[in-house]
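Peer 1: Predicted model and sequence follow; I will ask about them next.
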Amino acid sequence: MRPVEARTDNFVETLARLSLFADLPHPQVEALAHTFTEEVFGEGQRVIRQDMAGSGFYVILDGEAAVVIDGDERARITRGDFFGEVSILTDELPTADVIATTMLRCLTIPNNELKAFLLKQPTVMYRMLQAQARRLRAANVWRS
């Protein structure tokens, strides 16, 4: 099942409220609003498929999704969370399924445009790096 592409609205206020874009001045947020495409996924629909090419970078506007690795749910993600960047940045296939658990509305950047986007937006890249560091810390189990 293909994602339903939603009409393009003014995302400026929505983007400004998300922590990933919170440090950007208003004109930059306005410019970003024209960079993204909006996609809507129905409950149960796979947004990203483990070990399959063709993903993008997604920022959740509304709804919730499950991160599933080898059939085991590992996390739930919701408004303001993002996904898809790791496989793009490492040039590897996704290591998880991301499945909408409710109606899911996302802003997307195609995988071939993410690098240029991040190089133009170092503040967003820094915020993304902070989030990745938090994810890594949470995933690590420290043993003495």
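Peer 2: Done, it's in.
Peer 1: and the top helix by length along the chain, how far from the chain's centre?
Peer 2: Of all the segments assigned as helix in the chain under DSSP state H, the longest by residue count is helix 122-139. Here the centre of helix 122-139 is set off from its chain's centre by 12 Å, with CA atoms, centre = their mean, to the nearest Å.
Peer 1: Could you do stretch 70-84 as well?
Peer 2: That offset, for stretch 70-84, works out to 9 Å (CA atoms, centre = their mean).
Peer 1: And stretch 82-99, by the same measure?
Peer 2: 9 Å.
Peer 1: got a list of contacts for it?
Peer 2: 20, 44-53, 55-60, 65-69, 74, 77, 111, 114-115, 128, 131-132 (CB atoms under 8 Å, 6 or more residues apart in numbering). Where you see a C-beta, it was placed from the backbone N, CA and C, and this is true even at glycine.
Peer 1: Now, those residues that are in helices?
Peer 2: Leu114, Lys115, Met128, Ala131, Gln132.
Peer 1: close enough to count as contact, Thr102 and Ala66?
Peer 2: No: Thr102 is beyond contact range of Ala66, at 10.2 Å (criterion: CB atoms under 8 Å).
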